[in-house]
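1. quick check, what structure comes out for this input:
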Amino acid sequence: MMEIDTTKRPRKAATKPSSTGTMRDDVRAFKREIILAAAVDAFYSRGFENTSVDDIAAAMSVTKAVLYYNFASKLAVLETIVDRTAAWSLEAIERGIAQGATPAQKLALLAFHSTAHILEHQKLVAIYFREERSFPPALLARTRDVERRCVELVIVTLEAGIASGDFEANDSRLMAINIIGMISQAFYWYREGGRLTLDGVCRHFSDSALALVRFSGDLGLSDGAYRP
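-> Next up, the predicted model:
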């Protein structure tokens, strides 16, 4: 193996991006993902309070020092999981709205992508809802902010459909909460490899969201538009 001479460095090297530093960052990011994956499995099966740092480290066959090098605490791991889950929830709604051309298409696609997010990240979503009692105030405030933004995006979509005459709803806010709540509960009962496919469940909730607002027009979406 070729040895690298580290005794001589160009004078300008300190002012340029370090490929070694980038590689080090990549390795650390990779290690963090491994830790998060192990923590998700542990928190999902045992619960946050019943999982110790030793449990997470043991699942990875490493020492606690490795975990503490990458995360300040077990709570910091939970915060990362929850923040990521919340961000992905918002992104799913934004993606559906961006892809749709009409209020009906936007509602159908945001429901589809939101359901896909719930099912594809089932363990993370379960932790998000089950472990709320362990959230510190700042984390709880962040999650509530994201949840409000999600509801507001759905409200805007519903009100556009009501204004165009495509939707019927007496209370757009209540309807938005109803739709989001319906989709969110899918993590409780969905089982991968069961009778219902992921795509089938996503399409079902997409249709259900439209049914709730009594949409009966031509949606104008091809099967290709429904992609998780």
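2. pLDDT weak spots in this structure?
-> Scanning the chain for pLDDT under 70 picks out 1-21, 228.
3. go again using 80 as the cut-off
-> Along the chain, the model assigns pLDDT under 80 to residues 1-21, 23-28, 222-228.
4. break it down into its domains, please.
-> Using automatic domain parsing, the domains assigned to the chain come out as 19-71, 75-219.
5. can you add mean neighbour count and distance to A225 and give these back as TSV?
-> All C-beta spots, glycine's among them, are computed from the backbone N, C-alpha and C. Shown next, in TSV, are the domains of the chain (neighbours: other CB atoms under 10 Å; distance: least, CB to CB, whole Å):
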stretch	mean neighbour count	distance to A225
domain 19-71	15	30
domain 75-219	18	7
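6. got the contact list for Y226?
-> By CB atoms under 8 Å, 6 or more residues apart in numbering, the residues touching Y226 are L109, F112, D199, C202, R203, S206.
7. among these, which pair sits farthest apart?
-> Spatially, the most separated pair among the contacts of Y226 is L109 and D199, at 13.6 Å (CB to CB).
8. quick one: the domains of the chain as TSV, columns for distance to Y226 too.
-> Formatted as TSV, the domains of the chain follow (distance: least, CB to CB, whole Å):
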stretch	distance to Y226
domain 19-71	27
domain 75-219	6
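9. so which of those is nearest R227?
-> Short answer: domain 75-219, nearest of the domains of the chain by CB to CB, at 8.8 Å.
10. so how far is the closest one off the chain centroid?
-> Centre-to-centre, domain 75-219 and its host chain are 10 Å apart (CA atoms, centre = their mean, to the nearest Å).
11. look at it and report the distance between its end residues.
-> Taking CA to CA, to the nearest Å, the first and last residues of domain 75-219 lie 45 Å apart.
12. just the element for K123, please.
-> Using DSSP states H and E, K123 sits in helix 122-130.
13. what does that helix contact?
-> Contact partners of helix 122-130, identified using CB under 8 Å, 6+ apart, comprise 40-41, 43-44, 47-48, 78, 81-82, 84-86, 117-118, 143, 184, 187, 190, 192.
14. same check, this time on stretch 137-151
-> Residues from elsewhere that reach stretch 137-151 (CB under 8 Å, 6+ apart): 79, 82-83, 86-87, 89-90, 93, 128, 132, 135, 173, 176-177, 180.
15. and whichever strand or helix holds S45, how far from the chain's centre?
-> S45 is part of helix 19-46, with elements assigned from DSSP H and E. The chain centre lies 17 Å from the centre of helix 19-46; the measure is CA atoms, centre = their mean.
16. quick one, it and helix 122-130 angle?
-> Put simply, helix 19-46 runs at 70 degrees to helix 122-130, going by axes from the mean of the first three to the mean of the last three CA atoms, to 10 degrees.
17. report all helices and strands that helix 19-46 contacts.
-> Using 3 or more CB pairs under 8 Å, 6 or more residues apart in numbering; DSSP states H and E, the elements in contact with helix 19-46 are helix 53-60, helix 64-70, helix 74-99, helix 122-130.
18. what residues are up against the residue nearest to F167 when sequence neighbours are not counted?
-> Counting by CB to CB, 6 or more residues apart in numbering, F167 lies nearest to G161, which is 3.4 Å off, once chain neighbours are set aside. By CB under 8 Å, 6+ apart, the contact set of G161 is P103, A104, L107, F167, V213, F215.
19. let me have those in TSV, adding secondary structure and distance to L124 as columns.
-> Output for those, formatted as TSV (DSSP: H, G, I helix; E, B strand; the rest coil; distance: CB to CB, whole Å):
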residue	secondary structure	distance to L124
P103	helix	30
A104	helix	30
L107	helix	24
F167	coil	31
V213	coil	29
F215	coil	31
